[in-house]
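Asks: Below are the sequence and a predicted model; questions follow.
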Amino acid sequence: MKTLRVFTLLFFLVFGNILYSQTTNVVKEVQEETKKLSKAVDSKNESAEADSYYNIGETFYNNGNFPKSEEYFIKSKNIYEKLNDKQNLEKVTRKLAQSQENQNKLRSALNNYEVASNIGYSKSKKVLNANDVSRLSSPSVAQKAEAIQNNINISEKENNKEDLAASYSQMADVNMEQKNIPKAEENLNSAYQISKKDAPQQALEINQKLTDFYVENKNFDKAIEAKKEVLKEDFVKDNSQKKVEQIQELAEIYIKKNDPEEAIVLLKNAYDIALNKGHTLEAQKSVKKLDSLYAISENTTASVNLYRDFLKRLPDLVSKDRSLLDNKILEDTEQRISQLEQEKKLKDELIRKKNIFNYSLIAVLVLLSFLVFFIFRMLKKVQIKNKKIALQSLRREMNPHFIFNSLNSVNQFIATNNELEANQYLTKFSKLMRGVMENSAEDFIPFHHELDLLQNYLALEKTRFAEKFDYEIIVDENLNRQNLQIPGMMVQPFLENAIWHGLRYRTEKGFLKLTFKKENQHLKICIEDNGIGIEESKKQKTVHQKNREGRGMKNTLERIRLLNDLYQKGITCSIKDSEKGVMVEILMMI
């Protein structure tokens with residue numbers, strides 16, 4: 001079970017599941033504000049509720065997670081608008097505009113700067129926002145520069161370092177448009193010096209912008225110098241994750257400078273730090289970049305050794321990694337916020353119903369009748385939604401199950417074959433995995449995609465068991481390969497059973513036949529093998545194998561049941577011993 005969890009984690013890391021990149025401090029801050037939010041909802045204190053949303057948004061903003069910050073700023077803004085709290089409304093609207101601008105949502109940002117300017121609670125903020133409107137909307141570079149300079153003057157006067165650093169960075173953009181390279185460099189350095197004391201995330205973003213600027217102008221030495229400078233900062237030295245990220249960025253500069261040897265040294269250093277400090281994603285990134293460098297130099301041995309080392313140390317690495325737990329806590333906290341919002345809506349709805357009841361008994365009866373009908377429809381929708389969620393869960397469960405079994409094959413193959421064959425096997429395996437992941441999001445996928453996956457899978461297993469079986473795939477010419485849709489990964493578990501529990505136990509080479517045939521308005525799928533058969537396979541199982549639940553087959557049959565409930569495809573499946581082995585027949589409407 002422990003091995004399964006490790007390989008499942010490897011699956012999520014390699015194939016890019018989206019995870020929050022938050023620190024423990026972010027999690028704590030969001031949790032603390034969520035407690036305040038809960039109290040505000042319970043006490044119906046909408047002002048405190050809006051404050052909590054704003055503080056959560058600001059926490060995400062300061063950590064560079066602008067999409068999340070936008071989400072919470074919008075929630076805060078909506079409440080402040082309802083309360084007509086102009087001071088806080090002006091503040092959150094400007095912050096929302098900045099968050100949107102950082103995501104390059106310039107039209108939305110422009111609208112919100114304009115709204116903040118029109119609120120005009122604070123004279124200086126009114127001018128700041130008006131200048132930002134001019135900066136984003138003006139086609140003239142000179143007008144943009146004038147607006148930014150006005151904001152620099154205001155921010156210096158009010159000692160607003162965050163806005164001041166942002167303005168210098170914006171001025172650098174204008175300088176680049178004007179081809180004034182020295183001035184752009186000067187302004188970016190000023191922005192960095194201002195932000196590094198109080199806004200580390202902003203400083204890192206500006207430093208990256210500065211190094212990108214140097215790289216674009218082929219000034220690699222200055223880019224390296226700038227990146228090395230940020231590595232000396234306490235907010236990087238004291239944060240091992242940020243340190244690894246910056247070392248990786250420095251390695252990228254050396255790569256662009258055509259100095260791969262120095263890049264390899266840096267990436268090895270980043271890899272070692274990530275392993276020691278428990279940063280799984282960062283370690284994986286270093287492995288990928290090192291692998292690409294080894295590939296260029298055709299150093300296959302170093303690449304294979306690197307991946308072996310990573311896989312060997314992965315369980316210990318994951319056990320050290322706090323970010324996985326933090327991400328889960330953060331997700332649970334956001335779910336709690338969503339639950340609070342739903343509870344608040346429900347409470348408001350109950351109050352509304354009570355008021356209606358006080359006006360008229362007849363109105364209550366009408367309302368109750370409406371609610372019964374509404375609840376009935378909602379229950380029906382919930383049932384459908386739950387089935388879709390269950391189907392999605394089963395589909396996702398198939399991927400780790402399939403990958404775990406395949407990785408065991410990879411492990412055995414590497415242990416018993418030479419390096420060249422192992423590399424070829426891994427290449428086929430990665431191609432198959434890419435196909436599986438590209439088609440894992442939908443209940444039904446194009447037939448030709450599923451056929452490609454099955455061909456790749458059988459080719460992979462043929463490599464593994466070359467002396468155990470041959471196979472043949474037959475497709476009816478009357479089938480419309482381009483338009484036909486079938487459930488993804490539905491056939492593969494039956495092929496896997498045929499190979500692993502039937503054919504591989506034969507003393508002589510066996511044969512596996514996969515047939516897709518159109519029968520009237522149905523697709524008939526037949527999997528035939530001349531293996532040892534179901535009953536004989538059961539006899540040869542060890543006590544451990546008998547006690548172990550077969551998740552792959554059980555999962556597939558449950559998926560078929562849910563697909564039939566949701567889409568009325570009339571899918572049937574029969575499994576029986578035949579004279580020569582095992583016959584599986586799957587029938588579905590098309």
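Replies: Yep, it's here.
Asks: so what are the domain limits for the protein?
Replies: 240-320, 386-589 (automatic domain parsing).
Asks: Burial-wise, tell me which of those comes out on top.
Replies: domain 240-320 (a mean of 18; mean count of other CB atoms under 10 Å). Bear in mind the C-beta positions are built from the backbone N, C-alpha and C, glycine included.
Asks: what's the first-to-last distance across that one?
Replies: 13 Å (CA to CA, to the nearest Å).
Asks: Then stretch 295-303?
Replies: 8 Å.
Asks: contacts for it?
Replies: Contact with stretch 295-303 is made by 260, 290, 291, 294, 419, 423, as judged by CB atoms under 8 Å, 6 or more residues apart in numbering.
Asks: Okay, buried residues for stretch 47-56 please.
Replies: By 16 or more other CB atoms under 10 Å, the buried positions in stretch 47-56 come out as 48, 49, 50, 51, 52, 53, 54, 55, 56.
Asks: can you give me the offset of that stretch from its chain's centre?
Replies: 27 Å (CA atoms, centre = their mean, to the nearest Å).
Asks: I'd like to know how far residue 31 sits from residue 38.
Replies: Applying CB to CB, to the nearest Å, the value for residue 31 to residue 38 is 11 Å.
Asks: what's the answer for residue 272, then?
Replies: Applying CB to CB to residue 272 and residue 38 gives a distance of 43 Å.
Asks: got it, and residue 562?
Replies: In terms of CB to CB, residue 562 sits 36 Å off from residue 38.
Asks: that older thread, could you dump the buried residues of stretch 47-56 to TSV with pLDDT and secondary structure?
Replies: Below are the buried residues of stretch 47-56 laid out as TSV (pLDDT from 0 to 100; DSSP: H, G, I helix; E, B strand; the rest coil):
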residue	pLDDT	secondary structure
48	92	helix
49	91	helix
50	92	helix
51	93	helix
52	92	helix
53	92	helix
54	93	helix
55	93	helix
56	92	helix
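Asks: Pick out whichever of those residues sits closest to residue 461.
Replies: Proximity to residue 461 was ranked across these by CB to CB; first place goes to residue 56, at 49.8 Å.
Asks: Show me which pair in the buried residues of stretch 47-56 is furthest apart.
Replies: Farthest pair in the buried residues of stretch 47-56, by CB to CB: 48 and 56, 12.7 Å.
Asks: list the residues that contact both of those two?
Replies: In contact with both residue 48 and residue 56: no residue, using CB under 8 Å, 6+ apart.
Asks: Looking at the residue nearest to residue 220 when sequence neighbours are not counted now. What's its pLDDT?
Replies: Nearest residue to residue 220, sequence neighbours excluded (CB to CB, 6 or more residues apart in numbering): residue 257, at 4.1 Å. We have a pLDDT of 91 for residue 257.
Asks: and if you look at residue 409?
Replies: The model's pLDDT for residue 409 equals 67.
Asks: Please apply the same query to residue 567.
Replies: Residue 567 is given a pLDDT of 88.
Asks: what sits against it?
Replies: Residue 567 touches 443, 444, counting by CB under 8 Å, 6+ apart.
Asks: One more: residue 454?
Replies: So residue 454 contacts 473, 491, 492, 495, 514 (CB under 8 Å, 6+ apart).
Asks: Sort those residues by pLDDT and name the bottom one.
Replies: residue 492 (89).
Asks: Name the nearest residue to it, ignoring sequence neighbours.
Replies: residue 457 (5.8 Å).
Asks: chain center to whichever strand or helix holds that neighbour, what's the gap?
Replies: Secondary structure assignment for residue 457, by DSSP states H and E: helix 447-464. In terms of CA atoms, centre = their mean, the centre of helix 447-464 is found 27 Å from the chain centre.
Asks: From residue 50, how far off is the residue nearest to residue 568 when sequence neighbours are not counted?
Replies: Of all residues not flanking residue 568 in the chain, residue 589 sits nearest, at 7.9 Å (CB to CB, 6+ apart). To residue 50, residue 589 is 53 Å away according to CB to CB.
Asks: next one: residue 209
Replies: Distance from residue 209 to residue 50, by CB to CB: 33 Å.
Asks: tell me what the lengthiest helix in the chain is packed against?
Replies: Using DSSP state H to define each element, the chain has its longest helix at helix 361-416. Counting contacts by 3 or more CB pairs under 8 Å, 6 or more residues apart in numbering; DSSP states H and E, helix 361-416 is packed against helix 2-14, helix 322-359, helix 419-438, helix 447-464, helix 492-501, helix 551-567.
Asks: what would those helices look like in TSV with distance to residue 155?
Replies: Output for the helices and strands packed on helix 361-416, formatted as TSV (distance: least, CB to CB, whole Å):
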stretch	distance to residue 155
helix 2-14	42
helix 322-359	32
helix 419-438	47
helix 447-464	55
helix 492-501	60
helix 551-567	57
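Asks: now the stretch 1-150 of the chain, which segments are flagged as low pLDDT?
Replies: Applying pLDDT under 70 to the stretch 1-150 of the chain picks out residues 1-24.
Asks: quick one: the helices in it?
Replies: Per DSSP state H, counting those that start in this stretch, the stretch 1-150 of the chain carries helices over the ranges 2-14, 24-42, 46-62, 66-83, 86-102, 106-119, 123-137, 141-158.
Asks: of these, which approaches residue 368 most closely?
Replies: Minimum separation from residue 368 across the helices of the stretch 1-150 of the chain (CB to CB) falls at helix 24-42, 26.7 Å.
Asks: Could I get the buried residue list for that closest one?
Replies: 26, 27, 29, 30, 33, 34, 36, 37, 38, 40, 41.
Asks: Check stretch 211-222 too.
Replies: Buried residues in stretch 211-222 (16+ other CB under 10 Å): 211, 213, 214, 215, 219, 220.
Asks: Tell me who's in contact with the last one.
Replies: So the one you mean is residue 220. Counting by CB under 8 Å, 6+ apart, residue 220 touches 214, 253, 256, 257.
Asks: hmm, try it at 10 Å
Replies: By CB atoms under 10 Å, 6 or more residues apart in numbering, the contact list for residue 220 reads 211, 214, 253, 254, 256, 257, 258, 259.
Asks: Ok, the first one next?
Replies: Residues in contact with residue 211 (CB under 10 Å, 6+ apart) are 188, 219-220, 222-227, 229-230, 246, 249-250, 252-253.
Asks: where does the protein dip in pLDDT?
Replies: Using pLDDT under 70, the flagged stretches of the chain are 1-24, 322-326, 387, 391, 394-402, 405-406, 409-410, 413, 417-419, 541-552.
Asks: Tell me which strands the top strand by length along it pairs with, and in which orientation.
Replies: Longest strand of the chain, by residue count under DSSP state E: strand 510-519. Here strand 510-519 is paired, per DSSP bridges, with strand 469-475 (parallel), strand 522-529 (antiparallel).
Asks: and the angle for that strand with helix 447-464?
Replies: 170 degrees (axes from the mean of the first three to the mean of the last three CA atoms, to 10 degrees).
Asks: got the angle for strand 510-519 vs helix 492-501?
Replies: 160 degrees.
Asks: just how off-centre is strand 510-519 within its chain?
Replies: Strand 510-519 sits 37 Å away from the centroid of its parent chain (CA atoms, centre = their mean).
Asks: Please put the alpha-carbon coordinates of it into CSV.
Replies: What follows is strand 510-519, C-alpha atoms only, in CSV (Å, rounded to 0.1, in the frame of the first residue of the first chain):
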residue,chain,number,x,y,z
GLY,A,510,0.0,-18.0,-26.8
PHE,A,511,-2.2,-15.7,-28.9
LEU,A,512,-4.4,-12.7,-28.0
LYS,A,513,-7.1,-11.5,-30.4
LEU,A,514,-8.9,-8.1,-30.1
THR,A,515,-11.9,-7.6,-32.4
PHE,A,516,-14.1,-4.5,-32.9
LYS,A,517,-17.2,-5.3,-35.0
LYS,A,518,-20.4,-3.5,-35.9
GLU,A,519,-23.6,-5.5,-35.3
